[in-house]
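1. With the input below, show me the fold.
(one chain, ligands or ions: 1)
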Amino acid sequence: MPCTFIRLAGCPLRCTYCDTLKAIPTDSGSLIAIDDLVQHVSNQNRPLVLVTGGEPLAQRHCIELLTRLSQLDCSVQLETSGAYSVQNVPAGIRRIIDIKTPGSGEVERNHLQNLQYLAAGDEIKFILTGRDDYEWARDFILEHKLGLGDVPVLLSPAWGDVATSALCEWLLEDALPARLQIQMHKVIWGSESEGV
Ligand code: SF4
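-> Residues are numbered from 1 along each chain as shown. I've put the predicted structure just below:
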């Protein structure tokens, strides 16, 4: 879907597979007033706006930005590492929340209280670095009874670490209530492409 993509600078995590290292320093972006950003999104007039990072919720004014975006005539999504509480994210914004696996190196960061705030339209995402991560994610999904309601679970292979076909086979063997997700922009524009 045509989307305006907002990448907020700064992230305190260091995932092993991070492909947005340039966005990790807090001073890696440009200072933009919320008014100007909202006006830019409005001018783009696209049906979807996605706020990501870095870790967007690490920025003090992220909730204010999301509140302003939620007043526009488009869908708003938030992508977060899952290390911060989503409790104060305004209603109606679709939250895509990572659950960090052991292979990410950041499993201790999971703010698991977020599971109690899930609502229809949200999504849970696991990025997998190998079979061990898959088995960890599978057990987590089953233990927390994820994927059976109206919050889809996405399993995404870390680029270059897991063959997509292998992940498909594992999913089918276990009949997990989860969806396969691949990084479509890398398939379309190549793994080194930026700004897409
Ligand atoms: S949370 Fe996202 S931006 Fe931060 S280190 Fe992990 S993959 Fe990179």
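2. For residue 140, which non-adjacent residue is spatially closest?
-> residue 99 (6.5 Å; C-beta to C-beta, 6 or more residues apart in numbering). For the C-beta atoms, the positions are set from N, CA and C on the backbone; glycine is no exception.
3. go on, residue 191?
-> Residue 191's closest residue in space is residue 159 (C-beta to C-beta, 6+ apart), at 5.9 Å.
4. returning to that earlier point: so the residue nearest to residue 140 touches residue 109, yeah?
-> No: counting by C-beta atoms under 8 Å, residue 99 sits too far from residue 109 to count as a contact (10.1 Å).
5. Contacts only, for residue 150.
-> Contact analysis of residue 150 by C-beta atoms under 8 Å, 6 or more residues apart in numbering lists 120, 121.
6. so who does residue 148 touch?
-> Under the criterion of C-beta under 8 Å, 6+ apart, the neighbours of residue 148 are residue 177.
7. next structured bit after the longest helix along the chain?
-> Longest helix in the chain, counting residues (DSSP state H): helix 131-143. Sequence order places strand 153-157 as the next helix or strand after helix 131-143, per DSSP states H and E.
8. Can you confirm whether that following strand lies near the ligand?
-> No: if you take C-beta under 6 Å from any ligand atom as the test, strand 153-157 misses the ligand, and the best it gets is 11.2 Å.
9. Parallel or antiparallel, which strands does that strand pair with?
-> strand 123-128 (parallel), strand 179-180 (parallel) (DSSP bridges).
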